[in-house]
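Asks: Turn this into a structure:
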Amino acid sequence: MAITVNIYYSGVNGNAKKFAEEMVSSGVVGDIRAEIGNLKYEYFFPMEDEETVLLIDSWKDQHSIDVHHASPMMGKIIELREKYDLHMRVERYVSDETGVPEMDKAFIKE
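Replies: Just a heads-up that it's a prediction; the model follows:
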């Protein structure tokens, strides 16, 4: 059962994008991706909102998230979040282990 957390970081003057760029350039993103239990850690930029960045953050289980939250990595993330004065909106999803229903597969081109 994977857990995916969508975090929308919002700011002003391009700060959300600057935050994501510094997360990558400083090596924090690489370190998070190397943590045990991390399945995905990737930024996206919504087309209709230039002041927001979407982080899709997926983990093997809650224990993996708890270990990540207790790591020194969180201090670095919080420091950068504060540097860029970002606000967050969070969505949390638990994976459906049954896969894509047969009826939906007709709409998916692989």
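
Asks: Stretch 95-104 spans what distance, first to last residue?
Replies: 16 Å (C-alpha to C-alpha, to the nearest Å).

Asks: Just list the residues touching Asp96, thanks.
Replies: Under the criterion of C-beta atoms under 8 Å, 6 or more residues apart in numbering, Asp96 has no neighbours. All C-beta atoms are positioned from the backbone trio N, CA, C, and that covers glycine.

Asks: Kindly recompute the last result at 10 Å.
Replies: Met1, Ala2 (C-beta atoms under 10 Å, 6 or more residues apart in numbering).

Asks: Same question for Arg92.
Replies: Ile3, Thr4, Val5, Asn6, Ile7, Asp57, Ile65.

Asks: Which residue is the nearest non-sequential neighbour of Leu39?
Replies: Ser58 (4.2 Å; C-beta to C-beta, 6 or more residues apart in numbering).

Asks: what does Lys83 give?
Replies: Phe19 (7.6 Å).

Asks: Could you do Tyr43 as well?
Replies: Tyr43's closest residue in space is Ala20 (C-beta to C-beta, 6+ apart), at 4.4 Å.

Asks: CA-only coordinates of the helix or strand that contains that neighbour, as PDB, when you get a sec.
Replies: Here Ala20 sits within helix 15-25, counting by DSSP states H and E. The C-alpha trace of helix 15-25 is given here as PDB (Å, rounded to 0.1, in the frame of the first residue of the first chain):
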ATOM      1  CA  ASN A  15       9.400  31.800  -5.200                       C
ATOM      2  CA  ALA A  16       7.800  28.400  -5.400                       C
ATOM      3  CA  LYS A  17       9.800  27.600  -8.600                       C
ATOM      4  CA  LYS A  18      13.000  29.000  -7.000                       C
ATOM      5  CA  PHE A  19      12.300  26.800  -4.000                       C
ATOM      6  CA  ALA A  20      12.000  23.700  -6.200                       C
ATOM      7  CA  GLU A  21      15.100  24.600  -8.200                       C
ATOM      8  CA  GLU A  22      17.100  25.000  -5.000                       C
ATOM      9  CA  MET A  23      15.800  21.800  -3.600                       C
ATOM     10  CA  VAL A  24      17.200  20.100  -6.700                       C
ATOM     11  CA  SER A  25      20.500  22.000  -7.000                       C
END
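
Asks: Good, wrapping up.
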